[in-house]
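# Provided below are the primary sequence and the corresponding predicted coordinates.
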Amino acid sequence: MQLEKKKAAAVAAVMTYLKTEEEIALAGAAATQAAAKPSAAVSVGMWGLSGRQAMMQMRSMMQMKSFHGARFR
């Protein structure tokens, strides 16, 4: 009887250990997947940003020319 209690306790301890390790592994995998998702701020490309900035600058220059005209210079 005493031997069976020890075996049951050992098996329960091993099962608890395995369950804990599995939960840690699942939590680590979930954290890795969450970190792997790119956020909106990271996905902005520098070439796209440069192109938009150039378009805005050109529009600004065209507006200044249209309001002031060539004869005022």
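Here it is on my side, so go on.

# quick one: the strands in the protein?
In chain order, the chain shows no strands, with DSSP state E as the criterion.

# Break the chain into its domains for me.
As recorded under automatic domain parsing, the domains making up the chain are 1-37, 45-73.

# which residues of the protein score low on pLDDT?
Applying pLDDT under 70 to the chain picks out residues 34-43, 66-73.

# if we go to 50?
For the chain, no stretch is flagged by pLDDT under 50.

# Helices along that one, start to end?
Assigned by DSSP state H, the helices in the chain fall at 2-36, 46-68.

# how about CSV for these, with mean neighbour count added?
Any C-beta I mention is one placed from the backbone N, CA and C, and that applies to glycine too. Putting those into CSV (neighbours: other CB atoms under 10 Å) gives the following:
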stretch, mean neighbour count
helix 2-36, 9
helix 46-68, 10
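
# and the gap between Thr20 and Val11?
In this view, Thr20 and Val11 are 15 Å apart by CB to CB, to the nearest Å.

# again with Glu4
With distances taken as CB to CB, Glu4 is found 10 Å from Val11.
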